[in-house]
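Student: sequence and predicted structure, then a few things I'm wondering about:
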Amino acid sequence: QVQLAESGGGLVQAGGSLRLSCAASGRTFGSYTMGWFRQAPGKEREFVVAISQSGSSTYYADSVKGRFTISRDNAKNTVYLQMNSLKPEDTAVYYCAADLTLAPLRDFRRGMDYWGKGTLVTVSS
């Protein structure tokens, strides 16, 4: 079972950037599809992006496409989320997630099996 710990959240002005990191425990990190989800106050959890085990494939939600970039470093057991051109509507708790299921990345919009505790991103207008 993998354990996930997010970092890098904070307060940023609209138009600014933040980079989130998610460190994973265990020796099989490269076997997991990884993803980021977010939950804004009073709203349901929302899929943001997923990345394949090797990092060669990604799938983004339309709301972040062109602004956010996911990457992973399997040697460091870490996945990253670079967020640029941030908007107030990006304000949310961001969760890192992992799943061992082999499936098209779009299928992970429903969720993943393992979750971090989240990191808060606040974008001021």
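Tutor: Arrived safely, thanks for sending. Quantities reported herein were computed from a predicted structural model and do not represent experimental measurements. Residues are numbered from 1 along each chain as shown.

Student: what residues are bridge-paired with the residue nearest in space to the middle of the chain?
Tutor: By CA atoms, centre = their mean, the chain has its centre lying nearest to residue 36, at 2.1 Å. Residues in a beta bridge with residue 36, per DSSP bridges, are residue 49, residue 96.

Student: residues in contact with it?
Tutor: 20, 22, 48-50, 70, 79, 81, 94-97 (CB atoms under 8 Å, 6 or more residues apart in numbering). Using the backbone N, CA and C atoms, a C-beta is placed for each residue, glycine as well.

Student: mind doing that once more with 10 Å?
Tutor: Residues in contact with residue 36 (CB atoms under 10 Å, 6 or more residues apart in numbering) are 6, 20, 22, 46-51, 60-61, 64, 68, 70, 79-81, 83, 94-97, 112, 116.

Student: how near is it to residue 125?
Tutor: Distance, residue 36 to residue 125, using CB to CB, to the nearest Å: 23 Å.

Student: what of residue 106?
Tutor: Note on residue 106: its distance to residue 125, by CB to CB, is 32 Å.

Student: you'd agree residue 38 is up against residue 123?
Tutor: No - applying CB atoms under 10 Å as the test, residue 38 and residue 123 come out as separate, 11.6 Å apart.
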